[in-house]
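Student: model this:
(one chain, ligands or ions: 2)
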Amino acid sequence: MQIAGRYRLKYPAEWLHHLFWGALDWLYPPQCGGCQTLGTRWCSQCQSDCRRIISGCPRCGRPEASLSSVCAECAAQPPAFDALRSWAIYTGPLRLAILRLKYHQDVGLGEIFAQSLIELYQQVNWPVDLLVPVPLSADHAWERGYNQSTLLARPLALHLRIPLRPRALRRTRITQAQVGLNAQERRENVSRAFMADPRDVAGKSILILDDVTTTGATMQACAQALRDAGARSVYGLTLARAAHPSPDGDQQP
Ligand SMILES: [Zn+2]
Ligand SMILES: [Zn+2]
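Tutor: Residues are numbered from 1 along each chain as shown. Ligands and ions are numbered 1, 2, ... in the order given. Reported below is the predicted structural model:
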C-alpha cells in the first residue's frame with residue numbers, strides 16, 4: 001500500500017498505525033490543515049505550495065547558505081549536532097498546519113507530515129540507532145495531552161524500524177516561550193534546559209525530531225545534552241525551518 005504515492009507501508013505495525021488514522025478520518029471527516037478544504041487532512045494544493053529546502057549549510061542546514069561549504073557561524077563555532085536538515089520553509093499552508101497540529105489538537109497531521117520526514121531521512125540516510133523527539137515541558141504536555149514531535153517521530157520509527165525513546169531526553173527546567181526572543185536570548189533561554197539519560201544514549205547515534213527550527217537554539221541545547229550523556233553522534237530533522245529567523249516567530253521552544 002502507498003501513502004500519497006510516496007512510500008510503501010512495509011510492516012504490520014505501520015499498517016495498524018495507518019489504519020487507525022484512516023478509521024478516524026472515516027468517523028470524523030477531516031479538514032485540510034493548510035486551507036480548511038473538507039475531506040482531506042492535507043490537500044495536494046497545500047502540499048505543492050510548500051517551499052522545499054533543497055540547499056543549505058551542510059552542517060546546520062541554514063537554507064540561505066550553500067551546500068558546498070559550512071556557513072560562517074558553523075565555521076566559527078561548530079554546533080553540538082553533526083547535521084541538521086528540514087523539509088520545507090516555515091511559511092504559508094505548512095506554517096498554518098503546524099500551528100493547527102500544535103495548538104488545535106489536529107493530531108492527524110502528525111502522520112501526514114511524518115511521511116515528509118521519512119522522504120527527507122531517505123535522502124540523508126544517516127546511520128542512526130535511536131529516535132528521540134524534542135520533549136515538551138511537563139506543563140505543556142499536561143495542557144496539550146500530546147507532544148507534536150512524538151507524533152512526527154512515531155511513524156518514522158515504525159517505517160525505519162529504529163527504536164523511539166521519548167524519555168531519553170527531558171527538560172530540567174521550565175523555559176519561557178521563545179516568541180519575541182532574539183537568537184542570543186533563545187540560546188540562553190534553552191541552554192542547559194535538557195538532560196539525557198546515559199543508559200539510553202551512551203555510545204549511540206541519535207536522531208532528534210522536532211516540528212520547527214527557528215534559530216537552531218533548541219536543537220543545539222538537545223544535542224549538547226545528548227553529547228554530555230555520551231551519545232556518539234547526533235543528527236536533527238525538523239519538518240520546517242524559518243527562512244530568516246526573526247524574534248517574531250510564533251513557535252514555542
Ligand atoms: Zn489545503
Ligand atoms: Zn551552518
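
Student: who's in contact with Gly108?
Tutor: Each residue near Gly108 by C-beta atoms under 8 Å, 6 or more residues apart in numbering is listed here: 21, 24-25, 30, 41. The way it works is simple: take the backbone N, C-alpha and C, and place the C-beta from them, glycine included.

Student: buried among those residues? Need that as a selection in ChimeraX.
Tutor: This is how ChimeraX selects the buried members of the contacts of Gly108, with burial counted by 16 or more other C-beta atoms under 10 Å:
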select :21,30,41
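
Student: make CSV out of the contacts of Gly108 and add pLDDT.
Tutor: CSV is the format used below for the contacts of Gly108 (pLDDT from 0 to 100):
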residue, pLDDT
Trp21, 75
Leu24, 73
Asp25, 74
Pro30, 85
Arg41, 89
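
Student: kindly present the contacts of Gly108 as CSV, with separate columns for secondary structure and distance to Gly145.
Tutor: Below are those laid out as CSV (DSSP: H, G, I helix; E, B strand; the rest coil; distance: C-beta to C-beta, whole Å):
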residue, secondary structure, distance to Gly145
Trp21, helix, 17
Leu24, helix, 16
Asp25, helix, 20
Pro30, coil, 19
Arg41, coil, 19
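
Student: what would the contacts of Gly108 look like in CSV with distance to ligand 1?
Tutor: Below are these laid out as CSV (distance: C-beta to the ion, whole Å):
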residue, distance to ligand 1
Trp21, 17
Leu24, 18
Asp25, 15
Pro30, 11
Arg41, 9
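
Student: dead centre of the protein: give me the residue that sits there.
Tutor: In the chain, the residue lying closest to the centroid (C-alpha atoms, centre = their mean) is Asp210, at 2.3 Å.

Student: test my guess that it contacts Leu136.
Tutor: No. With contact defined as C-beta atoms under 8 Å, Asp210 does not reach Leu136; the gap is 10.7 Å.

Student: overlap in contacts of the two?
Tutor: Shared contacts of Asp210 and Leu136, defined by C-beta under 8 Å, 6+ apart, are found at Ser149.

Student: in the stretch 51-200 of the chain, which spans are helices?
Tutor: 72-76, 92-103, 108-124, 138-144, 148-160, 183-190, 198-201 (DSSP state H, counting those that start in this stretch).

Student: JSON lines for these, including mean pLDDT and distance to ligand 2?
Tutor: Below are those laid out as JSON lines (pLDDT from 0 to 100; distance: least, C-beta to the ion, whole Å):
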{"stretch": "helix 72-76", "mean pLDDT": "92", "distance to ligand 2": "3"}
{"stretch": "helix 92-103", "mean pLDDT": "92", "distance to ligand 2": "22"}
{"stretch": "helix 108-124", "mean pLDDT": "92", "distance to ligand 2": "15"}
{"stretch": "helix 138-144", "mean pLDDT": "65", "distance to ligand 2": "29"}
{"stretch": "helix 148-160", "mean pLDDT": "91", "distance to ligand 2": "22"}
{"stretch": "helix 183-190", "mean pLDDT": "76", "distance to ligand 2": "13"}
{"stretch": "helix 198-201", "mean pLDDT": "96", "distance to ligand 2": "24"}
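
Student: looking at the ones you listed, which is nearest to Arg51?
Tutor: helix 92-103 (7.3 Å; C-beta to C-beta).

Student: who in the stretch 101-250 of the chain is up against ligand 1?
Tutor: Residues of the stretch 101-250 of the chain found near ligand 1 (C-beta under 5 Å from the ion): none.

Student: quickly note the distance from the residue in the stretch 101-250 of the chain that ligand 2 sits nearest to to Gln36.
Tutor: As assessed by C-beta to the ion, ligand 2 sits closest to Gly216 within the stretch 101-250 of the chain, at 8.4 Å. Going from Gly216 to Gln36 by C-beta to C-beta, to the nearest Å gives 31 Å.
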